[in-house]
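[1] Prediction below, plus the sequence it came from.
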Amino acid sequence: LDKVYKKGLGLWKAGKVLTNPATRMRNQISNTMLMSIVGDMPAEQVLNPKRWYDAAFSLKNQDATYQLLKKETSLLDQTYYKNELEPFLDNFNIPSGEKGNALQKFVDVLTNKGDWLGKSYQGQEQIGKTVLAKYWMDQGKTVKEAAKIAEDALFNYSKVPTAIQKLRDMPFGYPFITYS
C-alpha cells in the first residue's frame, strides 16, 4: 500500500510542478525573493536581466563559470527534479519491446517524450542558483563559498532532514514542506 501511495504522490507532484505554469511562476517569484532575502543579493541585481541571460548562457554553453561550479561543487545537481521527481519517474519506464499499461504510457510521456518538462524545470532552478553564485563570485567569494550561499538560499534537495522527508511522504502530510 505504501508503494502505491508513494507512486501516486510522485505522479501528483510531477503533474503539480512540471506541467503547471502557475506553480512554476510562483516558484520563480519565490526564488527571486529568496535570492535577495536569504542570499543577500541586492534586489536590483536579482532583477537585472543581464545576470539571468549570462547564467542561462553559462549553463547552455558550459562556460568557465559552469565548469567551476560543476568541478568544485554539487550546486547544479541538487535540484527538485533531479532529487525527487526523476528517480521516482524512472520507476515507470516501459521495458524495451513492451507496450506498457496506461499509467506507464502516461509517465512515459512525462519522462521520455516530455523530458523537456523536467529539464526545463531543472534549468529554471539551475539558472537561479548560477545567478546567485556568480554574483557572489564577482564579489570576491570563492566558488565553494558562493555555491554555499546559493544552496542555502535556494535549497539542496539532497540534504533534507529525515523528519522532513517523512513528513513530505506521509499521507495527509506536507508534500512540499521542503520549500515551506
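    Received the coordinates, thanks.
[2] Please count neighbours and contacts with C-alpha atoms only from this point.
    OK.
[3] by contact count, what packs against the helix or strand where Arg26 lies?
    Assigned by DSSP states H and E, Arg26 falls within helix 21-37. Based on contacts counted as 3 or more Cα pairs under 8 Å, 6 or more residues apart in numbering; DSSP states H and E, the elements that helix 21-37 packs against are helix 2-18, helix 43-46, helix 115-138, helix 143-154.
[4] okay if I get those as a markdown table plus mean neighbour count and distance to Leu68?
    Supplementary listing: the helices and strands packed on helix 21-37 in a markdown table, determined by neighbours: other Cα atoms under 10 Å; distance: least, Cα to Cα, whole Å:
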| stretch | mean neighbour count | distance to Leu68 |
| --- | --- | --- |
| helix 2-18 | 15 | 28 |
| helix 43-46 | 15 | 21 |
| helix 115-138 | 20 | 10 |
| helix 143-154 | 21 | 7 |
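[5] before we move on, back to that, buried stuff in the helix holding Arg26?
    Along helix 21-37, the positions that meet the burial threshold by neighbour count (16 or more other Cα atoms under 10 Å) are Arg24, Asn27, Asn31, Thr32, Met33, Leu34, Met35, Ser36.
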